[in-house]
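# sequence unavailable; structure follows:
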């Protein structure tokens, strides 16, 4: 699929009528200060957006700020390897674009775009957007960064389905160039165009996709990872052999088991369990795999827990 340029018209999607017009997004509010939320905040701030990062408490926000500070140091060092003064100037300029808040209403009152990157739970997301729908300005665009839940189901909690879409960033956000821009049957063309414009201004490569399970990347990636698990469960190869084979034979940067540990085995199980329950994907592609279920039950979730298919040097550490 070809990348979209700014304000590209995509007639392949249905368009709802709306009096809403494309806007020049300046102020972005991001709900969630974890890896994804903090990454989105950083990239937006790096590209001159005014950004407010919102979470439930100051402790969560502090962790998000630490993620951003650490990542910015790496970015600045890469951009200005021999100039400490320019590194500091770059970091300070980016951080000046970022505010933090635990007050959802106050953080939303001036937002042109609200991006949600909280827990992957439909009811929780709906509750958040139902509240935001009452306090955010009428022109404000709403977006979810969900990787597996239907955008239309989340949007049902609001009265602005024409101004609701998906912006699916990939982890780590500062390094990954792709953003899947998802529109439902109700998303207006003007809203979609505005989201594409935001991605381009963030120096990301947007691709358009309908509101289908897994969108593009995960729809292809998750069944591939599940079949990798079945190969190992059948005793046909080891995780190490499968990872080496896919890296050296298919040119993948990571093997499926390395990737599963990076994503989180609980996240992977959540996705396939949800798709299986939803029934919109061939059941054989998302059939349960005991190997995955057992590791999750044991608390071996990958890098974030210190052990998954591989052991790691501490939580979130290296192999």
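Perfect, thanks for sending it. Since the model is a prediction, treat every value here as computed from it, not as a measurement.
# in the sheet, who's paired with the nearest residue to residue 216 once chain neighbours are set aside?
Of all residues not flanking residue 216 in the chain, residue 209 sits nearest, at 5.0 Å (C-beta to C-beta, 6 or more residues apart in numbering). Every C-beta, even on glycine, is put in place using the N, C-alpha and C of the backbone. Applying DSSP bridges to residue 209 gives these bridge partners: residue 182.
# show me the helices in this structure, by range?
According to DSSP state H, the chain carries its helices in the segments 35-46, 58-79, 84-95, 104-108, 122-135, 151-155, 189-201, 217-233, 239-249, 256-263, 265-278, 290-297.
# and the first one, what's its mean pLDDT?
Mean pLDDT, helix 35-46: 97.
# and that helix, what does it pack against?
Using 3 or more C-beta pairs under 8 Å, 6 or more residues apart in numbering; DSSP states H and E as the contact test, the elements touching helix 35-46 are strand 27-31, strand 50-54, helix 58-79, helix 84-95, strand 164-169.
# of all those, which one is nearest residue 218?
Evaluated with C-beta to C-beta, the helices and strands packed on helix 35-46 place strand 164-169 nearest to residue 218, the distance being 8.4 Å.
# so can I have a markdown table of the helices of the chain showing mean neighbour count and distance to residue 142?
Converted to a markdown table, the helices of the chain look like this (neighbours: other C-beta atoms under 10 Å; distance: least, C-beta to C-beta, whole Å):
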| stretch | mean neighbour count | distance to residue 142 |
| --- | --- | --- |
| helix 35-46 | 25 | 14 |
| helix 58-79 | 16 | 21 |
| helix 84-95 | 14 | 25 |
| helix 104-108 | 18 | 10 |
| helix 122-135 | 16 | 6 |
| helix 151-155 | 22 | 7 |
| helix 189-201 | 23 | 9 |
| helix 217-233 | 17 | 21 |
| helix 239-249 | 16 | 37 |
| helix 256-263 | 23 | 25 |
| helix 265-278 | 19 | 21 |
| helix 290-297 | 15 | 31 |
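# including distance to residue 183, could those go into JSON lines?
JSON lines is the format used below for these (distance: least, C-beta to C-beta, whole Å):
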{"stretch": "helix 35-46", "distance to residue 183": "19"}
{"stretch": "helix 58-79", "distance to residue 183": "28"}
{"stretch": "helix 84-95", "distance to residue 183": "30"}
{"stretch": "helix 104-108", "distance to residue 183": "22"}
{"stretch": "helix 122-135", "distance to residue 183": "16"}
{"stretch": "helix 151-155", "distance to residue 183": "8"}
{"stretch": "helix 189-201", "distance to residue 183": "5"}
{"stretch": "helix 217-233", "distance to residue 183": "16"}
{"stretch": "helix 239-249", "distance to residue 183": "32"}
{"stretch": "helix 256-263", "distance to residue 183": "25"}
{"stretch": "helix 265-278", "distance to residue 183": "19"}
{"stretch": "helix 290-297", "distance to residue 183": "32"}
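# out of those helices, which is closest to residue 145?
When the helices of the chain are ranked by distance to residue 145, counting by C-beta to C-beta, first place goes to helix 35-46 at 5.8 Å.
# measure residue 103 to residue 55 for me?
With distances defined as C-beta to C-beta, to the nearest Å, the gap from residue 103 to residue 55 amounts to 11 Å.
# returning to that earlier point: for residue 29, find the nearest of the helices of the chain.
Ranking the helices of the chain by their distance to residue 29 (criterion: C-beta to C-beta) puts helix 104-108 first, at 5.1 Å.
# against which helices or strands is that closest one packed?
strand 27-31, strand 50-54, helix 122-135.
# list the contacts of it.
Contact with helix 104-108 is made by 29, 31, 52, 54, 99, 101, 114, 128, 131-132, 135-136, 140, as judged by C-beta atoms under 8 Å, 6 or more residues apart in numbering.
# ok, stretch 295-305 next?
Looking at stretch 295-305 with C-beta under 8 Å, 6+ apart, the contacting residues turn out to be 260-266, 269, 307-309, 312, 315-317.
# count of neighbours near the residue nearest to residue 216?
A total of 19 residues lie near residue 209 under the criterion other C-beta atoms under 10 Å.
# show me the contacts for it.
1, 180, 181, 182, 215, 216 are the contacts of residue 209 under C-beta under 8 Å, 6+ apart.
# contacts only, for the closest residue in space to residue 97 that isn't next to it in sequence.
With C-beta to C-beta, 6+ apart as the measure, residue 45 is the residue that lies nearest to residue 97, at 3.9 Å, once sequence neighbours are left out. Applying C-beta under 8 Å, 6+ apart to residue 45 gives the contacts 51, 94, 95, 97, 98.
# and for the first one, the neighbour number?
Neighbouring residues of residue 51 were enumerated by other C-beta under 10 Å; the total is 25.
# all set, thanks.
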